[in-house]
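Asks: fold the following for me, if possible:
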Amino acid sequence: DDDDDDDGDGVDHDRAMDIAEAEEQVAPELAPLFQTVERPFREDTLSNCFRLADSHSTDDQLHSVCVFCNMLIANATSSDTRLRVLNAFAFKAGVVARLWRWLDKRSALLQRFQKGGLTPEEPEFRELVSLLLLFADSFCHFSLTMDDAEFQSSDMFAQDELVRLVDVLRDLVVAFFWDDYTAFADPEVVQLRQSLCKLLTGLHGRDRRLGFCPAEHWLSPTFANFSGEHGTLADRAAEEFAGLASAEAGARGDTHSLIEILRSIPFVIPFVERAKIFRRVVAFDQQEHRRHQVMRMHRPNTFVDIRRGQEYQDAFDKLNQPGEMKRQVRVKMINEQGLEEAGVDGGGLFREFLSQVIETGFDPRCGFFCSATDQTVHPNPQASVVADNYLDHLRFLGRLLGKALYESQLVDIQFSSFFLSTILGKRPVFNDLASMDPELHKHLLFLKQYEGDFQELALDFSVTQDNLGERRVHDLVPNGRNIAVNRSNRLRFVLHMADWRLYGQLARQYAAFRQGLFDVVHPRWLKLFDERELQMLVSGEESGIDVSDLRAHCNYSGGYSADHPTIRLFWKVVSSFGDDDLRLLVRFVTSCKRPPLLGFRYLYPVFCIHSAGPSAADFLPTASTCMNLLKLPEYDSEDTLREKLLYAIRSGAGFELS
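Replies: Residues are numbered from 1 along each chain as shown. I've put the predicted structure just below:
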């Protein structure tokens, strides 16, 4: 799990350091402190240590402080001691940045390490690994309670230093995974790799919001020509992700390395390539599922009757079963008069139905989801008030979203970033609190800087919930209601309070939704992406409709061609549309108003305009969404075409529009 900090006893066994060996590496001023290491932890041990870490200290003195703190962490007898040392190191002004500069000055040593030229037998090896590990852990710890504004104003690193830091650590971690050097199998290097992955992932997420690195800076040069050099490897990786690879294929070194990179630091590979791998994985899984259906002589399709106006409830009653969403679902719509609507569902009607059910189920007015201040949605903490079986509804909504991803159907819903984090198996971060609960976020920021009497605040490690008048006290830590918040533990309180608000109070809702989602798509498939990319996978490109892209990937039939007078009029009219009408046009034809991920070349079936004939010029355009087919009468005037097309796409009518 991404959130595990220790193995239960708080002792970092892989990082154990010999005290006598460490004592030889430090400045004489710190030597007396070593006699306190094996005694119960005392705050003055750290305060005495950090007297050497002010802005006037030498590199040797800074190095001594780092070695001493590393040794305290390695030999800590509890997770609380480790946390207190990291607190002291991470928040001592400038120490983390100075440690990085100390490391960066030794770029030649870092290069040797990256290229496998530094072996565990050399004394520099252990020192470099331990100091890199301290840097990664302390920088991660520093970032935990930092919102973006604080991070920017902290002046810890200049922008060019952050860019350089990302450059060095990205290439180092890629080498850990990709290059088969014996030194990289060392247990301490494996632990360093995990810590650096965590640090890079956090920095990448913050960079997506703040933009301190140039565009595409996170991409590794190793994968610059991914399709050309690693295309076959990507196919094997897709089979492995889909669970289809044989034991022999799964054991291949390059495939295994690529999979580990995709799981740990996927952002070093272009998003387009990862999206293609995801599509391959889904295609492999669909083929395998159909093969199993045939072998078991199961009917491949599920047929359901759905009443107009009752789409969500009928879908919940008839489709909320494990495994149901991997089958092809065909619907027959029953109108308000109880009559079957005309037409046969070839797939397009189900896409329209799925879009409508998803739109209803995730609407905050339904009650299972609610809005954040940025108008994104996340599970409602009060969902139990809406229905006793609210967890069943959340599982169903997870299956619906999984079905949309499985069928490459885009849905126009913007999810809260912290909710997407939980889908990816991550814990939300402090910065996310600003969108969910800006008032609490403001109070916690105040508490971090508070210099007054903490007794006046009367805070403890508990939170009181009010659920329709019923008040319950929840301990943030064991016996938290009896632990007062003070100056030394306030950062711990801030972390626990933010975690409770973002995660703890919603844990059951998150778990139910994930269970339904993962019934259709495997969690490891989604971990190819970060939160922003997962949102793009769900709802398509963030940009508007590109008319030139749509035109370049459009087919014609029924007598139409690119040079037909009506087609020339059509593209002239469409090119004059605003974004809202363009989205309505795309929805009218494809049942979804967002452009396909990676562009219209990936729309299947291909967008097509079919001639409805010159005799139909008095009628409206119609569409067969199952074929992404626009049936356009042969209008002979631009004004008529504009009027008829806009009327059709703005009408909001469903399958029976004609």
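
Asks: the strands in the stretch 251-400 of the chain, which residues?
Replies: In the stretch 251-400 of the chain, the segments counted as strands under DSSP state E, counting those that start in this stretch are 301-307, 328-334, 369-371, 377-379.

Asks: out of those strands, nearest to residue 184?
Replies: Residue 184 sits nearest to strand 377-379 of all these, at 39.4 Å, using C-beta to C-beta. All C-beta atoms are positioned from the backbone trio N, CA, C, and that covers glycine.

Asks: re the thing from before, need the winner for burial among the strands of the stretch 251-400 of the chain.
Replies: Among those, the stretch with the highest mean neighbour count (mean count of other C-beta atoms under 10 Å) is strand 377-379, at a mean of 22.

Asks: what's it in contact with?
Replies: With C-beta atoms under 8 Å, 6 or more residues apart in numbering as the test, strand 377-379 has contacts from 362, 364, 368-372, 394, 413-416, 418-419, 436, 506, 509-510, 513.

Asks: can you select the buried ones from those residues in ChimeraX?
Replies: Per 16 or more other C-beta atoms under 10 Å, the buried members of the contacts of strand 377-379 correspond to this ChimeraX selection:
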select :362,368,369,370,372,394,413,415,416,418,419,436,506,509,510,513
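
Asks: helices - which of the contacts of strand 377-379 land there?
Replies: The members of those that map onto helices under DSSP state H are 394, 418, 419, 436, 509, 510, 513.

Asks: middle-most residue in the protein, spatially?
Replies: residue 531 (2.5 Å; C-alpha atoms, centre = their mean).

Asks: quick one on the thing from earlier: quick check: the farthest pair among the ones in helices among the contacts of strand 377-379?
Replies: Pairwise distances across these peak at 17.5 Å for 394 and 436 (criterion: C-beta to C-beta).

Asks: what number of residues lie near the nearest residue to residue 606 once chain neighbours are set aside?
Replies: Distances taken as C-beta to C-beta, 6 or more residues apart in numbering put residue 555 closest to residue 606, at 5.1 Å, once the chain neighbours are dropped. Residues lying near residue 555 (other C-beta atoms under 10 Å) number 14.

Asks: immediately after the helix or strand harbouring residue 555, which helix or strand?
Replies: Secondary structure assigned from DSSP states H and E places residue 555 in strand 554-557. Downstream of strand 554-557, the next assigned helix or strand under DSSP H and E is helix 565-575.

Asks: so for that following helix, what gets flagged as buried?
Replies: Quick answer for helix 565-575 (16+ other C-beta under 10 Å): 566, 567, 569, 570, 571, 573, 574.

Asks: adding pLDDT and distance to residue 622, write those out as CSV.
Replies: Below are the buried residues of helix 565-575 laid out as CSV (pLDDT from 0 to 100; distance: C-beta to C-beta, whole Å):
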residue, pLDDT, distance to residue 622
566, 96, 15
567, 97, 17
569, 97, 18
570, 97, 15
571, 97, 19
573, 97, 17
574, 97, 17
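
Asks: those: which two are farthest apart?
Replies: Among those, 566 and 574 lie farthest apart (C-beta to C-beta), at 12.2 Å.

Asks: overlap of the contact sets of those two?
Replies: Shared contacts of residue 566 and residue 574, defined by C-beta under 8 Å, 6+ apart, are absent.

Asks: burial check on residue 351, number of neighbours?
Replies: Residue 351 has 20 neighbours, counted by other C-beta under 10 Å.

Asks: show me the contacts for it.
Replies: Counted by C-beta under 8 Å, 6+ apart, residue 351 has contacts 407, 409, 590, 591, 592, 625, 626.

Asks: ok, and the most crowded of those residues?
Replies: When neighbours are counted by other C-beta under 10 Å, residue 590 leads the contacts of residue 351 with 26 neighbours.

Asks: please enumerate the strands of the stretch 551-658 of the chain.
Replies: Counting by DSSP E, counting those that start in this stretch, the strands of the stretch 551-658 of the chain are 554-557, 607-611, 622-624, 629-632.

Asks: and the shortest one, which strands flank it?
Replies: Strand 622-624 has these partner strands in its sheet, going by DSSP bridges: strand 629-632 (antiparallel).

Asks: and the strand it pairs with, average pLDDT?
Replies: Here strand 629-632 scores 94 as its mean pLDDT.

Asks: ok now stretch 106-117, how far from the chain's centre?
Replies: For stretch 106-117, the separation from the chain centroid amounts to 32 Å (computed by C-alpha atoms, centre = their mean, to the nearest Å).

Asks: other residues contacting it?
Replies: 103-104, 118, 124-125, 128, 168, 171-172, 175, 179, 181-184.

Asks: which of these are buried, as a ChimeraX select command?
Replies: Per 16+ other C-beta under 10 Å, the buried members of these correspond to this ChimeraX selection:
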select :103,118,125,128,168,171,172,175,181,183,184
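
Asks: for residue 121, give me phi and psi.
Replies: phi -80, psi -20 (degrees, to the nearest 10).

Asks: what about residue 447, helix or strand, and which?
Replies: Per DSSP H and E, residue 447 falls inside helix 438-449.

Asks: show me what that helix is packed against.
Replies: helix 433-436, helix 490-502 (3 or more C-beta pairs under 8 Å, 6 or more residues apart in numbering; DSSP states H and E).

Asks: please repeat the previous calculation with a cut-off of 6 Å.
Replies: Other helices and strands packing on helix 438-449, by 3 or more C-beta pairs under 6 Å, 6 or more residues apart in numbering; DSSP states H and E, are helix 490-502.

Asks: ok, the residue lying closest to residue 401 once chain neighbours are set aside to residue 425 distance?
Replies: For residue 401, ignoring the flanking residues on the chain, the nearest one in space by C-beta to C-beta, 6+ apart is residue 517 at 5.8 Å. Residue 517 sits at a distance of 12 Å from residue 425 (criterion: C-beta to C-beta, to the nearest Å).

Asks: in whatever helix or strand residue 538 lives in, what's buried?
Replies: Assignment of secondary structure by DSSP H and E places residue 538 within helix 531-539. Neighbour-count burial for helix 531-539, counted by 16+ other C-beta under 10 Å, picks out 531, 533, 534, 535, 536, 537, 538, 539.

Asks: stretch 440-458 too?
Replies: Within stretch 440-458, the residues scored as buried using 16+ other C-beta under 10 Å are 440, 441, 444, 445, 447, 448, 454.
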